[in-house]
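In: Mind folding the following:
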Amino acid sequence: MSDVTTAAGPPSRLGRDLRAAILVGVGLGVVILASLFFIRELFIAVVAVSVAVATSELAGALRRGGGIQVALVPALVGGQAMLWLALPFGTTGVLAAAAVTVLVCLLWRMPGGPDGYLRDISASLFTVVYVPFFAAFAGMLVIPQDGTGRVLSWMLCVVASDVGGYTAGVLAGRHPMAPTISPKKSWEGFGGSLLGGMIAGGLCVAQLLHGHWWLGALFGALVVVVATSGDLIESLVKRDLGIKDMGTLLPGHGGLMDRMDSLLPTAMVSWLLLSVFVPVGQWRGWR
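Out: Here you go, the predicted structure:
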């Protein structure tokens, strides 16, 4: 989630208010944990609100930076449908809602005429897939009996990746990973992310889901690769649009979309991997 993976020195040189960033991050974590441990359906509501905000931020950034008109109403309505239909219908509900949303986006833009149609539609479909479609897999993670453990495994691996990358980058970052995309990312920081993600994955899968620790370590490593890719993808979008942040909602973080860039694709990958590594029927209850 963070672009800070180099030896950067004092916090003021990092380009962020680190104290505010930590406070906001902790606050978001508390809200998510509370929704998971009290009424898991509330987790879907938290994701739904986050998706609506992030979708609006991404559409606004595309409009400001590139004059691109996203079909925002279909993206917002369809995004909510994907999330809430995941609860009773699983992948069938998500895919059906996604297909209808794509069709409505294609039709929604038609009255605007052919000028920029392909550009606007491409951006609309990118928005629909990257935000609500990927987020729907977070909703499907929480559905099984061991859903709380699955969600925690996903999120803790992403957090460990972020913390490990930040720490290793600040202490030892020397070799830029993608200087033209995200100059603050280093290979040393990526190594720290891998270490943190693999440790978190091994512990979470073994202790929360009662799976094999080595599968958990592999899970953590793959989550780190996808999380880093998510960071780079959003950095590419922002550089193309000539903007620093997607929004200003969160002090020290930018917009909510700036915090969800790695969480969104990793939700999809986590659901796929955990479905294979730790089948739902394998769960034996909390120790």
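In: List the buried residues of the longest helix belonging to the chain.
Out: In the chain, taking DSSP state H as the definition, the longest helix is helix 72-108. Within helix 72-108, the residues scored as buried using 16 or more other Cβ atoms under 10 Å are 72, 74-76, 78-86, 93-95, 97-98, 101-102, 104-105, 108. All C-beta spots, glycine's among them, are computed from the backbone N, C-alpha and C.
In: list the helices and strands that helix packs on?
Out: Under the contact definition 3 or more Cβ pairs under 8 Å, 6 or more residues apart in numbering; DSSP states H and E, helix 72-108 sits against helix 41-66, helix 117-128, helix 134-141.
In: Ser182: which of those is closest?
Out: helix 41-66 (16.7 Å; Cβ to Cβ).
In: The closest one vs helix 72-108, what angle?
Out: Comparing the axes of helix 41-66 and helix 72-108 via axes from the mean of the first three to the mean of the last three Cα atoms, to 10 degrees yields an angle of 60 degrees.
In: Restricting to C-alpha, output stretch 78-96 in PDB.
Out: The C-alpha trace of stretch 78-96 is given here as PDB (Å, rounded to 0.1, in the frame of the first residue of the first chain):
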ATOM      1  CA  GLY A  78     -23.200  -2.300 -10.100                       C
ATOM      2  CA  GLY A  79     -20.400  -2.300  -7.600                       C
ATOM      3  CA  GLN A  80     -22.800  -2.500  -4.700                       C
ATOM      4  CA  ALA A  81     -24.700  -5.300  -6.500                       C
ATOM      5  CA  MET A  82     -21.500  -7.300  -6.900                       C
ATOM      6  CA  LEU A  83     -20.700  -7.100  -3.200                       C
ATOM      7  CA  TRP A  84     -24.100  -7.800  -1.800                       C
ATOM      8  CA  LEU A  85     -24.900 -10.600  -4.200                       C
ATOM      9  CA  ALA A  86     -21.700 -12.300  -3.100                       C
ATOM     10  CA  LEU A  87     -23.200 -13.000   0.300                       C
ATOM     11  CA  PRO A  88     -26.100 -15.300  -0.900                       C
ATOM     12  CA  PHE A  89     -24.900 -16.400  -4.300                       C
ATOM     13  CA  GLY A  90     -21.100 -16.400  -4.200                       C
ATOM     14  CA  THR A  91     -19.200 -16.300  -7.500                       C
ATOM     15  CA  THR A  92     -22.400 -16.700  -9.500                       C
ATOM     16  CA  GLY A  93     -23.900 -13.500  -8.000                       C
ATOM     17  CA  VAL A  94     -20.600 -11.500  -8.500                       C
ATOM     18  CA  LEU A  95     -20.100 -12.600 -12.100                       C
ATOM     19  CA  ALA A  96     -23.800 -11.900 -13.000                       C
END
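In: separation between the closest residue to Gly78 other than its chain neighbours and Val31?
Out: Among residues not flanking Gly78 along the chain, Thr101 sits closest, at 2.8 Å (Cβ to Cβ, 6 or more residues apart in numbering). Counting by Cβ to Cβ, to the nearest Å, the gap from Thr101 to Val31 is 27 Å.
In: Identify the residues contacting Leu272.
Out: Counting by Cβ atoms under 8 Å, 6 or more residues apart in numbering, Leu272 makes contact with Phe137.
In: now the helices for the stretch 101-250 of the chain?
Out: 117-128, 134-141, 147-172, 187-207, 213-241 (DSSP state H, counting those that start in this stretch).
In: List the buried residues of the shortest one.
Out: Looking back up the chat, that one is helix 134-141. So for helix 134-141, counting by 16+ other Cβ under 10 Å, buried means 134-141.
In: what helices or strands is it leaning on?
Out: helix 41-66, helix 72-108, helix 147-172, helix 263-277.
In: what about the stretch 1-150 of the chain, any weak spots by pLDDT?
Out: 1-25, 27-28 (pLDDT under 70).
In: Show the average pLDDT along the longest strand along the chain.
Out: With secondary structure taken from DSSP state E, the chain has its longest strand at strand 182-186. Strand 182-186 shows a mean pLDDT of 85.
In: What angle do helix 187-207 and it make with each other?
Out: 60 degrees.
In: Just give me how far strand 182-186 sits from the chain centre.
Out: Remark: strand 182-186 is offset 19 Å from the chain centroid, using Cα atoms, centre = their mean, to the nearest Å.
In: from now on call the first residue 56
Out: Sounds good: first residue 56 from here, last item strand 237-241.
In: buried stuff in it?
Out: So strand 237-241, judged by 16+ other Cβ under 10 Å, has buried residues 237, 239-241.
In: now for that strand, which elements pack on it?
Out: Partner elements for strand 237-241 (3+ Cβ pairs under 8 Å, 6+ apart): helix 202-227, strand 231-233, helix 268-296.
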